[in-house]
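Peer 1: requesting a structural model of the entry that follows:
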Amino acid sequence: MDVHQVELTISAVQASQYPTGDQPEIALVGRSNVGKSSLTNVLINRKNFAHTSSQPGKTQTLNFYHVEEALYFVDVPGYGYAKVSKKQREQFGKMIEAYLSTRNQLKGVIELVDGRHAPTEDDQSMYQWLTYYQVPTLVVATKVDKVKPSRYNQIEKAVRQGLGMEKGAPLLLFSAETKRGKDAVWQWISQQTGVEDGL
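Peer 2: Sure, this is the predicted structure:
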């Protein structure tokens, strides 16, 4: 999709602040610094619209980005960052769980994992949770430009095994540097939301 219009509508901490209406939403989840903001920026053709922070764990709200007045990307606080207090982690957890399990407008989740490493326990827990709640999920392995192409098959195998993915469950390799995977991610988003490419 060629995106011309996007705005950060709301940074929400509770359901009463979520956008009204019935436009579809796609949430992005993943560990802090895994590349959620970078993926968002590539998808919406912007350099620094979604803020990439040098401080992991800085995003502490659900950030709703309105794309082409047709759908929302929802940037979810990164998980698994040690410097966030246990109490804050519990608050994030409740906020995220409430959104992911009750939001009717949510049509799918993109879970990002670092393609250079095996999935962490947090990655596994998130994937299992999404599977349990039957949320349509696309796994995106990021930062693959930092890995030799000859290792791409190994990355796919490691991610699938590490997350316990069923055969055929959607998995894409992505690079914010080379834009590898951008079109395929948009294709998946279009399938989940009904928002056609080329809007």
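Peer 1: output the lowest mean pLDDT helix or strand found in the chain.
Peer 2: Across the helices and strands of the chain, mean confidence by mean pLDDT, DSSP states H and E is lowest for helix 86-102: a mean of 83.
Peer 1: by contact count, what packs against that helix?
Peer 2: strand 25-30, strand 62-67, strand 106-114, helix 121-132 (3 or more Cβ pairs under 8 Å, 6 or more residues apart in numbering; DSSP states H and E). All C-beta atoms are positioned from the backbone trio N, CA, C, and that covers glycine.
Peer 1: out of those, which is the most enclosed?
Peer 2: strand 25-30 (a mean of 25; mean count of other Cβ atoms under 10 Å).
Peer 1: next secondary structure element downstream of that strand?
Peer 2: Once strand 25-30 ends, the next helix or strand along the chain (criterion: DSSP states H and E) is helix 36-43.
Peer 1: and of the helices and strands packed on helix 86-102, who's closest to Gly78?
Peer 2: Checking the helices and strands packed on helix 86-102 against Gly78 by Cβ to Cβ gives strand 25-30 as the closest, at 6.4 Å.
Peer 1: quick revisit: list the buried ones in the least confident helix or strand of the chain?
Peer 2: Neighbour counts over helix 86-102 (16 or more other Cβ atoms under 10 Å) mark 89, 92, 95-96, 99-100 as buried.
Peer 1: possible to save the helices and strands packed on helix 86-102 as CSV with distance to Gln191?
Peer 2: Listed next are those as CSV, based on distance: least, Cβ to Cβ, whole Å:
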stretch, distance to Gln191
strand 25-30, 11
strand 62-67, 16
strand 106-114, 8
helix 121-132, 17
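Peer 1: among the ones you listed, which is nearest Glu7?
Peer 2: Between Glu7 and these, the shortest separation by Cβ to Cβ is 5.2 Å, and it involves strand 62-67.
Peer 1: after the closest one, next one along is what?
Peer 2: Counting by DSSP H and E, what follows strand 62-67 is strand 71-75.
Peer 1: need the contact partners of that next one.
Peer 2: With Cβ atoms under 8 Å, 6 or more residues apart in numbering as the test, strand 71-75 has contacts from 9, 19, 23-28, 36-37, 40, 43-44, 50, 59, 62-67, 99, 105-106, 189, 193, 195.
Peer 1: let's see it at 6 Å
Peer 2: 23-28, 36, 40, 62-66, 193, 195 (Cβ atoms under 6 Å, 6 or more residues apart in numbering).
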